[in-house]
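**Q** next input, structure requested:
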Amino acid sequence: MKWIRARLADGNDEKGSACAPGAFHALLEDDRVLPVRGDPYNGHERTGEILRLDDVRLDVPVVPPTFYCVGLNYTKHIATEGLKIPDKPDVGYRANNALIAHGEDVIMPADATKVHYEGELVVVIGKRARSLSPDEARGCVLGYTMGNDVSERNWQKSDRTFWRAKNTDTFKPMGPWIDTDVDIENMETVVKVNGRESTRFHTNDMLFGIDTFISTMSRYLTLYPGDILWMGTDGHSPDLADGDVVEVSLTGLGTLRNRFVRER
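**A** Coordinates of the predicted model:
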């Protein structure tokens with residue numbers, strides 16, 4: 001099952017759709033958009049309306065109450081950055097202001113000099129969770145989507161909290177949808193720049209897996225429906241330039257595509 005958040009595309013708001021105005025939740029079946037009343041977390045019912053994918057503009061699939069991220073979770077990426085391999089799960093936070101949807105532009109500030117992509121699996125929490133064992137962890141997961149954890153490496157070295165290196169407006173593309181049924185065990189993450197493969201790795205080759213992170217986090221904090229957890233990346237990104245198009249693809253999940261544009 002695929003969940004999207006969408007808005008009517010320009011020119012379609014005059015067709016009398018019950019969805020207008022604003023963002024709405026819908027199920028996606030092939031190119032059919034099936035709007036619902038409610039949401040994936042608290043219950044829903046189909047409206048009976050059927051739209052086409054061309055009729056809508058995709059939004060980020062979830063606006064999280066809390067935006068969690070995983071740090072240093074793949075060995076090659078850690079080595080590339082010259083960092084020490086952690087001996088326990090490391091959890092951080094990101095800012096909602098940085099989120100943009102599939103197809104929207106990443107704006108690189110004029111003084112950003114070393115901008116990189118990070119293709120990541122994103123876990124979407126579906127149920128309130130506290131004090132879960134690793135075996136119970138997946139029970140609170142609604143599904144998965146894709147993220148590009150855009151990072152300015154020079155700022156990352158100089159700013160103690162990563163406040164702009166990771167959280168500048170538009171630095172967190174996510175989407176296009178949430179899929180509730182994917183095979184993470186056999187998944188590969190592939191990142192392409194301008195159509196050419198740049199990075200490939202087995203998505204599940206994590207130092208600490210999803211179950212470990214959710215269990216560890218839930219010992220100390222409550223996870224809520226709609227919370228998201230970005231699971232880290234492997235490999236190394238080239239320095240991105242004005243006009244570059246980055247595609248993050250995860251096997252069986254889809255492709256997140258965004259253009260990088262230099263601030264004018």
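**Q** for the rest of this, base every contact and every neighbour count on C-alpha atoms.
**A** Fine.
**Q** what's the domain layout of the chain?
**A** Domains of the chain are assigned by automatic domain parsing as 2-57, 67-262.
**Q** quote the end-to-end distance of the longest one.
**A** Taking C-alpha to C-alpha, to the nearest Å, the span from the opening residue of domain 67-262 to its closing residue is 26 Å.
**Q** what does the first one give?
**A** Distance between the boundary residues of domain 2-57 (C-alpha to C-alpha) amounts to 16 Å.
**Q** so how far is it from its chain's centroid?
**A** In terms of C-alpha atoms, centre = their mean, to the nearest Å, the centre of domain 2-57 is found 20 Å from the chain centre.
**Q** same thing with the longest one?
**A** On the basis of C-alpha atoms, centre = their mean, domain 67-262 is displaced by 6 Å from the centre of the chain it belongs to.
**Q** average model confidence for it?
**A** Averaged over domain 67-262, pLDDT sits at 96.
**Q** wouldn't residue 125 be in contact with residue 223 here?
**A** Yes: using C-alpha atoms under 8 Å, residue 125 makes contact with residue 223 at a distance of 7.3 Å.
**Q** so which of the domains of the chain is the most packed in?
**A** Ranked by mean neighbour count, the domains of the chain are led by domain 67-262 with a mean of 19 (mean count of other C-alpha atoms under 10 Å).
**Q** show me what contacts residue 72?
**A** 78, 85-86, 90, 232-233 (C-alpha atoms under 8 Å, 6 or more residues apart in numbering).
**Q** ok, those residues vs residue 116, which is closest?
**A** Each of those was checked against residue 116 using C-alpha to C-alpha; the closest is residue 233, at 11.7 Å.
**Q** pretty sure the closest one sits in a strand.
**A** No: going by DSSP: H, G, I helix; E, B strand; the rest coil, the assignment for residue 233 is coil, not a strand.
**Q** that one and residue 108, how far apart?
**A** From residue 233 to residue 108 the distance is 21 Å (C-alpha to C-alpha).
**Q** so residue 134 touches residue 217, yeah?
**A** No: if you go by C-alpha under 8 Å, residue 134 and residue 217 don't touch, sitting 10.7 Å apart.
**Q** could you look up the SS state of residue 259?
**A** Following three-state DSSP, residue 259 is assigned to strand.
**Q** bridged to it, which residues?
**A** residue 245 (DSSP bridges).
**Q** surely it is in contact with residue 100?
**A** No: if you go by C-alpha under 8 Å, residue 259 and residue 100 don't touch, sitting 11.5 Å apart.
**Q** and for these two, which residues touch both?
**A** Counting by C-alpha under 8 Å, 6+ apart, the residues touching both residue 259 and residue 100 are residue 106.
**Q** quick one: the spatially closest residue to residue 203 that is not a sequence neighbour from residue 121, how far?
**A** Counting by C-alpha to C-alpha, 6 or more residues apart in numbering, residue 203 lies nearest to residue 188, which is 5.0 Å off, once chain neighbours are set aside. From residue 188 over to residue 121 the distance is 10 Å, taken as C-alpha to C-alpha.
**Q** before we move on, back to that, for the residue nearest to residue 203, which residues are in contact?
**A** By C-alpha under 8 Å, 6+ apart, the contact list for residue 188 reads 200-204, 250-251.
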